[in-house]
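Asks: With the sequence up front, the predicted model follows.
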Amino acid sequence: DKEQLPGDESFSESLNAELNGFISYVELPAGIAKIQALKENLFATIVCTVTHTPLIIVGAPGSSKTLSFNLTISNLKGQESKKEKFRNTDIFPSLDPHYYQCSRRTTSNEIKTVFSRAINRQRSNFKGIHSVVFMDEAGLPEESHESLKVLHYYLDNAEVSFVAITNHMLDAAKMNRAVSLYRPEASEEDLKFLAEGCLCN
């Protein structure tokens, strides 16, 4: 049975209402469909980046992982934000992104360099600005090299925000140190909505 909330509203209905309300604040380019994957990814990315909570999004290519991060960065610009809601820097800080593209040859020193740069910027930034490290294709580095093990320290001591996207799960030591958002395959309803959004907007 669905758990009922006050007013006979189920948890899923309440969550969907919140997601729909939240995405209405976001400036979306033409042709972007508001599918469930995008709404959930975007909500998690914004909430986790503004609270310095590490986030790992796991899903197949095309599940709005990168798009949700790029939209977060383009919308959270402090007083320069297009939407008035995001100009309140006490709640929504301006984001200062630091990108890292993983590969099979990723080294722990490369990751340290990115985090060190982000942390130094964070310490020198004015109030209302958050540095965030974005790690793309986090599942590519060879596990035998243990190059991602250095993440443990930075996730445990979250001085800057962190978002990683990957096509498959990382090991438990990393997933358990972050909010983990798993993206299932797109539903038929989402695929239809996506096609309508792309063709009609």
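Replies: On my side now, so go ahead.
Asks: ok, which stretches of this structure are helices?
Replies: Assigned helices in the chain, in chain order: 11-23, 36-50, 65-75, 108-124, 151-156, 172-175, 188-200 (criterion: DSSP state H).
Asks: Let's check: the centremost residue of this structure is which one?
Replies: Nearest residue to the geometric centre of the chain (CA atoms, centre = their mean): Thr45, 3.0 Å.
Asks: dump the residue contacts of it.
Replies: Thr45 is in contact with Leu55, Ile57, Ser68, Phe69, Thr72, Val163, counting by CB atoms under 8 Å, 6 or more residues apart in numbering. C-beta: built from backbone N, CA, C; applies to glycine.
Asks: which parts of stretch 65-81 are buried?
Replies: 65-69, 71-73, 75-78, 81 (16 or more other CB atoms under 10 Å).
Asks: Would you convert the residues you listed into JSON lines that also reports distance to Ile35 and pLDDT?
Replies: Formatted as JSON lines, the buried residues of stretch 65-81 follow (distance: CB to CB, whole Å; pLDDT from 0 to 100):
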{"residue": "Lys65", "distance to Ile35": "13", "pLDDT": "95"}
{"residue": "Thr66", "distance to Ile35": "15", "pLDDT": "96"}
{"residue": "Leu67", "distance to Ile35": "10", "pLDDT": "95"}
{"residue": "Ser68", "distance to Ile35": "11", "pLDDT": "96"}
{"residue": "Phe69", "distance to Ile35": "16", "pLDDT": "97"}
{"residue": "Leu71", "distance to Ile35": "13", "pLDDT": "97"}
{"residue": "Thr72", "distance to Ile35": "16", "pLDDT": "97"}
{"residue": "Ile73", "distance to Ile35": "20", "pLDDT": "97"}
{"residue": "Asn75", "distance to Ile35": "18", "pLDDT": "96"}
{"residue": "Leu76", "distance to Ile35": "21", "pLDDT": "96"}
{"residue": "Lys77", "distance to Ile35": "24", "pLDDT": "95"}
{"residue": "Gly78", "distance to Ile35": "28", "pLDDT": "92"}
{"residue": "Ser81", "distance to Ile35": "24", "pLDDT": "93"}
